[in-house]
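Peer 1: just a sequence and a predicted model for now, questions to come.
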Amino acid sequence: MIFVTGGAGFIGSNFVHYLSRKGFDDIIILDMLTYAGDMDNLYPLDYPVKGVDLFHETHLERLFARYRPRFIFHFAAETHVDNSIHDVNPFIDANVIGTVNLLNLAVKYKVEKFHHISTDEVYGSLGYDDPPFTETTPYDPQNPYAASKAASDHFVMAYHNTYGLPTVITNCSNNYGPRQNIEKLIPKTITNVLDNKMIPVYGRGNNIRDWIYVEDHCRAILDVFYAGGVGQKYNIGGQCEISNYDMVRLIIELMGASEDLIEYVDDRPGHDLRYAIDNAKIKNTVSFSPQYTLEEGLEETIKWYNMV
């Protein structure tokens, strides 16, 4: 039995579809179906979805006692940086306390592997000329969301070291692809072009991100599940650094629209300048490399948003 927390959200639902294509069928999805989770993301799959709040350990334990999961893929998290700046409490409840509750039950019910999906934002911000993040880069979160994910990472590592829980952590760069909430940069840009609306870009759009197509991320997670070392952490990147401004321009070009749609807005507080991932460890240990180029992934993403 596999539990996938946050399995109706963006990355989680894509991972569930990926598992289905790989022949996995003994799956239960744990998802509160808040703003980021949507049952439509799982169509046409019919895996059971349990609307449990990870903050409430008693409710969560009923599911552990009934289904006795062997493996957990933990995607569930509050993820929107802007929201964390306005109100951090939901991020502490979901990302920190929710993760600790899962870890407690994973120890109690002897889960065979706990795979924690995290972010490169825990490492903080890079300068333009700094080397990419590695697995040994010190944590230096710059906003409340990143701090909550850093805390959850540390708890996962602590439960492995203290209780012997078989864990693995993957820290991934920025994802894009089908089923992403339209509040994020790429889907917002695509849908605004489709609706002929202005596209907001923070500051001058100079912030750089390393982008990975979500299916490549899903493949990396399963590769680590099979071949990764217990107690290890792995960075997952798309090897594709691009500024927000250039990303928006590329989408506009692919969609045949005008750059006149770009509208610069005030930058947000704590906006990290640059993220970049060194993929050497995951490439050398589990032979993972991204398969989609940026243009290929964007074309697939644009097609999907054209259909919904």
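Peer 2: Yep, it's here.
Peer 1: can you give me the pLDDT of the residue in the chain sticking out farthest from the centre?
Peer 2: The centre of the chain is farthest from one residue, Asp260, which by CA atoms, centre = their mean lies 31.1 Å away. Looking at Asp260, its pLDDT stands at 97.
Peer 1: and it, backbone torsions?
Peer 2: Backbone geometry at Asp260, expressed as degrees, to the nearest 10, gives phi -60, psi -20.
Peer 1: where's it relative to Phe288, distance?
Peer 2: Distance, Asp260 to Phe288, using CB to CB, to the nearest Å: 40 Å. The way it works is simple: take the backbone N, C-alpha and C, and place the C-beta from them, glycine included.
Peer 1: now the helices for the stretch 151-300 of the chain?
Peer 2: Counting by DSSP state H, counting those that start in this stretch, the stretch 151-300 of the chain has helices at residues 185-194, 214-227, 244-254, 280-286, 294-307.
Peer 1: tell me the buried residues in the fourth one?
Peer 2: Burial within helix 280-286, assessed by neighbour count using 16 or more other CB atoms under 10 Å, is assigned to 281-282, 286.
Peer 1: so for it, mean pLDDT?
Peer 2: Helix 280-286 comes out at a mean pLDDT of 97.
Peer 1: hmm, back to that, would you tell me which of the helices of the stretch 151-300 of the chain gets closest to Leu105?
Peer 2: helix 214-227 (19.6 Å; CB to CB).
Peer 1: nearest residue to Pro200 other than its sequence neighbours?
Peer 2: Nearest residue to Pro200, sequence neighbours excluded (CB to CB, 6 or more residues apart in numbering): Val265, at 4.6 Å.
Peer 1: who does the one you found form a beta bridge with?
Peer 2: Beta-bridge partners recorded for Val265 (DSSP bridges): Tyr202.
Peer 1: check contacts around it.
Peer 2: 200-202 (CB atoms under 8 Å, 6 or more residues apart in numbering).
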